[in-house]
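S.K.: sequence first, predicted model second:
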Amino acid sequence: MALGLTALPAHSYMPPEANILYQQACTLEYQHNYKEAVEKVLEAIKIAGEDALLYTKLAGLYSDTDQYDKALDAYNVVVKLRPDDAFVYISIGNIYETQAKYIQALEAYEQALKIFPQYKYNYLNIANVQYQMNDFAGAIENYKKFLETYSNHKEARESLANAYLASNNPKLAVEEYSRLYAADNTNFKDYSNYGLALFQTEDYARAAEFLEKAIEKDPDSLSSHISLALSYQELEKNELALGQYEIVFKQSPNLHSIRFDYANLLADMGRNSEAAAQYKIYSTNFPNDARAYKNLGLVYKRMNDLENTILNYEKALSLDSKDINIKKELANCYHMKKDYIAALKYYDEILQSTPNDYDIKVNKAIALHALEKYEDAIALYREILSQKDNTIIASNLTDALVSQGQIDLAAKNYTKASDEFEQAISRGSKDGFAYFGLAKCYRVSGANDKAAEFYEKAIALFPNETAFSNEYAEFIAETNALAPVTPAPVVETPDGKLPSISLENDDENIVNVSSVSKSQDLIKLGDENYKKDDYDASLKNYKAALKINPSDEVTLLKIGNIYKLKNDNDKALDFYKKSIFVNPDYTDGWFNLGLVYANENNIAKSKECFEKVITIDPEYAYSYYALAIAYESDDNKADAVKNYQLFLKYNKDANMVKVVEDRINSLQ
């Protein structure tokens with residue numbers, strides 16, 4: 001509140017008649033008879049029209065009766081009569097401030113400061129006006145100047161704290177609020193702003209404490225409920241946060257500005273459908289906020305709705321074209337859809353901004369490979385390997401060389417095909433077609449000894465492949481003049497497809513070899529060592545088997561189990577993820593992945609995994625049991641009981657019935 005004072009200087013000479021009228025006016029003012037008091041002063045002015053005291057009194061009377069324009073006219077006369085009276089300018093500033101004419105008020109206060117800089121109270125007047133004008137920097141400066149003299153002035157310190165908060169300097173605001181609270185916590189009132197300042201300094205626990213007090217004082221304070229909801233959310237007290245949001249929306253159902261944070265809370269709680277609905281409401285009201293579409297895309301991704309995921313990521317990108325993370329998400333989605341052309345578009349855009357992004361290069365190379373753009377894939381694989389050794393990329397490079405060799409062989413580009421097959425073989429390819437193709441190249445060039453050597457190697461790798469043995473027999477007949485010299489036609493690989501591509505980037509995964517029986521023997525040996533608790537030997541056996549068949553989800557799961565027993569959660573997660581990558585419907589893989597997340601207290605992700613198991617196999621009893629435990633950790637008793645009951649419905653283990661029934665009874 002501005003301070004308006006009028007100085008009472010020594011009386012100039014006033015005629016007796018005027019003085020009598022002045023005194024009568026003062027008496028009438030004291031009696032609150034302002035109308036007659038004004039009349040007396042006006043009569044006195046007719047007698048002594050140059051007396052500043054009479055105009056000062058008249059201005060005061062007009063001001064007291066809210067006749068501000070008349071008061072200002074009177075003060076302007078005083079200014080002409082006493083131009084160096086600082087307090088007249090302060091009174092003028094007070095009237096302008098009351099009228100919310102802050103520019104004029106500031107001009108008047110600043111004029112008073114020029115005339116009488118020693119009057120420190122005027123800094124408070126100036127600061128208050130600057131605060132109203134949102135000139136928080138200026139207000140802070142003048143509040144501080146005022147407090148240098150009046151350090152215990154409570155209202156000024158409260159205003160300084162509010163100015164710090166309004167100017168996005170919550171740390172200094174907290175210091176001021178703390179000082180006020182420590183000085184007089186009984187009469188402290190500004191709990192809401194104090195809590196908000198603490199929230200902005202990320203002191204969420206104390207923010208919640210003071211916001212709770214704010215709500216005790218004023219249960220209808222919408223801003224306090226909002227800030228408390230956000231504080232609880234940061235503290236991961238999700239149920240408490242949810243309760244505050246419900247209060248807010250009950251009071252103000254059209255307050256859509258906070259629905260983004262509300263949707264984030266629902267998403268964190270795994271309530272994806274509800275979160276999606278809230279993001280949609282928010283984006284309807286704030287259609288240019290890319291964050292809403294980005295988060296909505298993420299929720300749809302969790303719900304395995306790839307089309308809506310892409311739709312919302314695309315919308316987010318249209319609003320924020322520089323967001324590399326959205327482009328990565330989109331590239332990943334298109335890659336998952338096997339729309340490699342669209343994925344490549346985003347990989348290229350990402351690499352324009354971050355040309356050394358290793359993972360994006362890897363994914364781009366895989367996409368090129370999948371599109372059968374082998375030469376581009378080969379070049380990129382080589383670039384990747386020049387940066388870092390990676391056995392899976394090395395394996396893919398070898399496969400791509402074989403595939404490109406097959407294409408060049410079909411095009412009768414024998415020299416190039418021969419070079420590609422030789423590179424693949426030198427890299428350790430166990431693909432029979434590499435040897436078979438090279439044999440064909442040598443045959444065309446007339447290098448019969450070399451052709452025979454590589455036909456035999458191809459047959460050794462695929463003894464049951466009749467195309468290899470038949471052509472070799474034809475070749476032998478030809479070389480013995482038993483058949484015309486005609487190059488055999490190009491054939492496909494044994495399964496009728498180009499060599500397989502490994503789609504996962506992991507150093508422990510190696511390209512296939514042929515011996516299925518050997519793989520089974522290795523797995524059996526691994527199982528025996530596992531039963532003996534010789535986990536290192538078991539790992540060695542399983543990994544050897546995996547080299548033969550890298551897409552065996554059961555072996556991948558077994559390796560993950562061993563790493564889990566060895567408390568190596570990172571590797572356990574890696575192999576469980578591989579098991580569901582090669583078989584997205586592998587329930588045991590999803591379940592064990594959920595257990596590792598649960599061990600790491602990542603409850604949200606663990607629940608996603610257990611729910612995925614149930615989606616695939618609704619009778620997978622232990623997923624309900626694990627979900628119930630997860631909901632218990634979230635203090636969600638209702639969902640915990642629901643899942644325990646579903647466990648009992650599908651459970652085959654009689655020993656668990658009593659345990660689960662006891663848990664249900666304790667929760668109800």
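M.R.: Alright, I've got the coordinates. Residues are numbered from 1 along each chain as shown.

S.K.: domains for this structure, by residue range?
M.R.: 389-514, 516-667 (automatic domain parsing).

S.K.: can I get those domains in a markdown table with distance to Arg291?
M.R.: To be clear about C-beta, it is placed using only N, CA and C from the backbone, and glycine gets the same treatment. Shown next, in a markdown table, are those (distance: least, CB to CB, whole Å):
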| stretch | distance to Arg291 |
| --- | --- |
| domain 389-514 | 29 |
| domain 516-667 | 19 |
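
S.K.: got the buried residues for stretch 273-285?
M.R.: Burial within stretch 273-285, assessed by neighbour count using 16 or more other CB atoms under 10 Å, is assigned to Glu274, Ala275, Ala276, Ala277, Gln278, Tyr279, Lys280, Tyr282, Ser283.

S.K.: my error: substitute stretch 373-389 in the last question.
M.R.: Burial within stretch 373-389, assessed by neighbour count using 16+ other CB under 10 Å, is assigned to Lys373, Tyr374, Asp376, Ala377, Ile378, Leu380, Tyr381, Ile384.

S.K.: so which helix or strand of this structure has the lowest pLDDT on average?
M.R.: Lowest by mean pLDDT, DSSP states H and E among the helices and strands of the chain is helix 466-479, with a mean of 73.

S.K.: what is the burial count for the closest residue to Gln200 other than its chain neighbours?
M.R.: The shortest distance from Gln200 to any non-neighbouring residue, by CB to CB, 6 or more residues apart in numbering, is to Pro170 (3.6 Å). For Pro170, the count of nearby residues is 21 (other CB atoms under 10 Å).

S.K.: what sits against Pro170?
M.R.: Pro170 sits next to Tyr164, Leu196, Ala197, Leu198, Phe199, Gln200, Thr201 when contact means CB atoms under 8 Å, 6 or more residues apart in numbering.

S.K.: relative to the whole chain's centre, how far out is the strand or helix carrying the third one?
M.R.: With elements delineated by DSSP states H and E, Ala197 resides in helix 191-200, which encompasses its position. What separates the centre of helix 191-200 from the centre of its chain is 23 Å, taken as CA atoms, centre = their mean, to the nearest Å.

S.K.: then stretch 49-68?
M.R.: What separates the centre of stretch 49-68 from the centre of its chain is 62 Å, taken as CA atoms, centre = their mean.

S.K.: buried set for it?
M.R.: 51-63, 67-68.

S.K.: so what does Pro83 look like in phi/psi?
M.R.: phi -70, psi -10 (degrees, to the nearest 10).

S.K.: right, and Glu97 touches Asn128 too?
M.R.: Yes - using CB atoms under 8 Å, Glu97 is in contact with Asn128, at 7.3 Å.

S.K.: any buried residues in stretch 586-605, and which?
M.R.: Buried residues in stretch 586-605 (16+ other CB under 10 Å): 586-598, 603, 605.

S.K.: my error: substitute stretch 527-536 in the last question.
M.R.: Neighbour counts over stretch 527-536 (16+ other CB under 10 Å) mark Asn529, Tyr530, Tyr535 as buried.

S.K.: secondary structure, distance to Tyr576 and pLDDT added to those, as CSV?
M.R.: What follows is those, written out as CSV (DSSP: H, G, I helix; E, B strand; the rest coil; distance: CB to CB, whole Å; pLDDT from 0 to 100):
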residue, secondary structure, distance to Tyr576, pLDDT
Asn529, helix, 21, 90
Tyr530, helix, 17, 88
Tyr535, helix, 17, 89
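
S.K.: ok, those residues vs Ile459, which is closest?
M.R.: Asn529 (34.5 Å; CB to CB).

S.K.: quick one on the thing from earlier: so for the helix holding Ala197, what gets flagged as buried?
M.R.: Of all the residues in helix 191-200, those buried under the rule 16+ other CB under 10 Å are Tyr191, Ser192, Asn193, Tyr194, Gly195, Leu196, Ala197, Leu198, Phe199, Gln200.

S.K.: residues contacting the fifth one?
M.R.: Right, Gly195. By CB under 8 Å, 6+ apart, the contact set of Gly195 is Ala207, Ala208, Glu209, Phe210, Leu211, Lys213, Ala214, Ser224, Ser227, Leu228, Ser231.

S.K.: ok, now with 6 Å
M.R.: Going by CB atoms under 6 Å, 6 or more residues apart in numbering, Gly195 touches Ala207, Phe210, Leu211, Ala214, Ser227.

S.K.: most widely separated two among the residues you listed?
M.R.: Maximum distance among these (CB to CB): 10.3 Å, for Ala207 and Ala214.

S.K.: send the alpha carbons of stretch 194-209 over as CSV?
M.R.: Written as CSV, here are the backbone C-alpha positions of stretch 194-209 (Å, rounded to 0.1, in the frame of the first residue of the first chain):
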residue,chain,number,x,y,z
TYR,A,194,6.2,-20.3,0.3
GLY,A,195,5.2,-23.8,-0.8
LEU,A,196,5.3,-22.8,-4.5
ALA,A,197,8.8,-21.3,-4.1
LEU,A,198,10.0,-24.5,-2.4
PHE,A,199,8.5,-26.5,-5.2
GLN,A,200,10.4,-24.4,-7.8
THR,A,201,13.6,-25.0,-5.9
GLU,A,202,12.8,-28.8,-6.1
ASP,A,203,12.5,-29.1,-2.4
TYR,A,204,9.4,-31.1,-2.9
ALA,A,205,9.1,-32.6,0.6
ARG,A,206,9.1,-29.2,2.3
ALA,A,207,6.9,-27.8,-0.4
ALA,A,208,4.3,-30.4,0.3
GLU,A,209,4.6,-29.6,4.1
